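Colleague: this is a predicted model, with the sequence first.
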Amino acid sequence: MLAIAIALLWGIWVVWMAPQPQFVITDKTVATSWNYTDLGPHQWGDLQPEFQTCAVGQTQSPLALFSQSSAPALESSVSWHYQPSLGIVQAANTTLQIRVTGSNTLQLGADRYKLEQIHFHYPSEHHIQGKQSAMEVHFVHRHTSQEIAVLAVLVEPGATNPMFAHILQRCPIQAHLSQVIYFDPAALLPQGDRPYYRYLGSLTTPPCTEGVRWLVLVQPISLGAEQIEQYQALYAPNARPLQKIMTHGVQYYVPDEKTAT
């Protein structure tokens, strides 16, 4: 028994330390019943009964966000705690997705959400002050109650991001393949002051489930122009059109000089 235990531990250590993990077959091939072209956003609500919310929902995402038309959030009760973790990179439907392991959390008031996956959109889905960014990163979290919270980070061309380069190097082209990597989610977040918008919205892809808590950071991160072009060469545009603001309860928070980090 001791020999078996040692062998198992050695196997785990080898997987953890391997600099170039091998491609593995995922549990199932992802079947796409919607897309952004012939089965695009304007048709989503009619494609399947469970997609009806995409057409008739009252708090759909994404939104055009303006500070002057948003209610001020006088106090921030938001924090996130990300650390280097194992992830599984895969081509999922219309984007690159990283399924995240470990204890990475988003704290919204008294509610703690665990980071489940990270994926990308281009161009950006949310617009801030009338501007659409080159890309948008979604950090998708889930509460023990199954409620979802998404932290959105915009992307602008600029300095090369080493962590994104690390992810792209391990990006499988085929949907039924995935690859294990060791990466730091925090490397895809902006540094310094972090003003943000928050509101109650929906998933931006079918089934467009509502009740999603959104946190959209104003300050973008930068990716090298060549990194953005490389991503665009792998995936087609996947930004849902802007949705009408209704009862979303959009708030805008700006940290003061004493609390800014």
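Modeller: Yep, that arrived.
Colleague: buried residues in stretch 115-123, which are they?
Modeller: 115, 117-123 (16 or more other Cβ atoms under 10 Å). Where you see a C-beta, it was placed from the backbone N, CA and C, and this is true even at glycine.
Colleague: can I get those in JSON lines including pLDDT, distance to S79 and secondary structure?
Modeller: Compiled in JSON lines, the buried residues of stretch 115-123 are given as follows (pLDDT from 0 to 100; distance: Cβ to Cβ, whole Å; DSSP: H, G, I helix; E, B strand; the rest coil):
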{"residue": "L115", "pLDDT": "98", "distance to S79": "13", "secondary structure": "strand"}
{"residue": "Q117", "pLDDT": "97", "distance to S79": "20", "secondary structure": "strand"}
{"residue": "I118", "pLDDT": "98", "distance to S79": "18", "secondary structure": "strand"}
{"residue": "H119", "pLDDT": "97", "distance to S79": "22", "secondary structure": "strand"}
{"residue": "F120", "pLDDT": "98", "distance to S79": "24", "secondary structure": "strand"}
{"residue": "H121", "pLDDT": "98", "distance to S79": "24", "secondary structure": "strand"}
{"residue": "Y122", "pLDDT": "97", "distance to S79": "28", "secondary structure": "coil"}
{"residue": "P123", "pLDDT": "98", "distance to S79": "29", "secondary structure": "coil"}
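Colleague: pretty sure G87 contacts Q97?
Modeller: No. The pair formed by G87 and Q97 falls short of the contact definition of Cβ atoms under 8 Å, at 9.6 Å.
Colleague: so which of these two has more stuff around it?
Modeller: Ranked by neighbour count (other Cβ atoms under 10 Å), G87 and Q97 place G87 first, with 26 against 21.
Colleague: so that one is in which element?
Modeller: strand 85-92 (DSSP states H and E).
Colleague: bridging residues for L65?
Modeller: I128 (DSSP bridges).
Colleague: count of neighbours near it?
Modeller: 23.
Colleague: tell me where the stretch 1-150 of the chain has helices.
Modeller: Taking DSSP state H, counting those that start in this stretch as the test, the helices found in the stretch 1-150 of the chain are 2-17, 44-47, 53-56.
Colleague: just the pLDDT for the closest residue to W44 other than its chain neighbours.
Modeller: Spatial nearest neighbour of W44, chain neighbours left out: C54 (4.0 Å); criterion: Cβ to Cβ, 6 or more residues apart in numbering. C54 is assigned 98 on the pLDDT scale.
Colleague: so what's C54 up against?
Modeller: C54 is in contact with 41, 44-45, 60, 206-208, counting by Cβ atoms under 8 Å, 6 or more residues apart in numbering.
Colleague: those: which two are farthest apart?
Modeller: Pairwise distances across these peak at 12.9 Å for P41 and P207 (criterion: Cβ to Cβ).
Colleague: quick one, the host helix or strand of Q227 and strand 85-92 angle?
Modeller: Using DSSP H and E, Q227 sits in helix 225-234. With axes from the mean of the first three to the mean of the last three Cα atoms, to 10 degrees defining the directions, helix 225-234 sits at 50 degrees from strand 85-92.
Colleague: could you pull out the buried residues of helix 225-234?
Modeller: For helix 225-234, by 16+ other Cβ under 10 Å, it's 227-228, 231.
Colleague: returning to what we had before: separation between the residue nearest to W44 and C208?
Modeller: Per Cβ to Cβ, to the nearest Å, C54 is found 4 Å from C208.
Colleague: what's the overlap in contacts for these two?
Modeller: In contact with both C54 and C208: 44-45, 60, using Cβ under 8 Å, 6+ apart.
Colleague: turn the residues you listed into a markdown table, columns for distance to Q169.
Modeller: Shown next, in a markdown table, are these (distance: Cβ to Cβ, whole Å):
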| residue | distance to Q169 |
| --- | --- |
| W44 | 33 |
| G45 | 38 |
| Q60 | 35 |
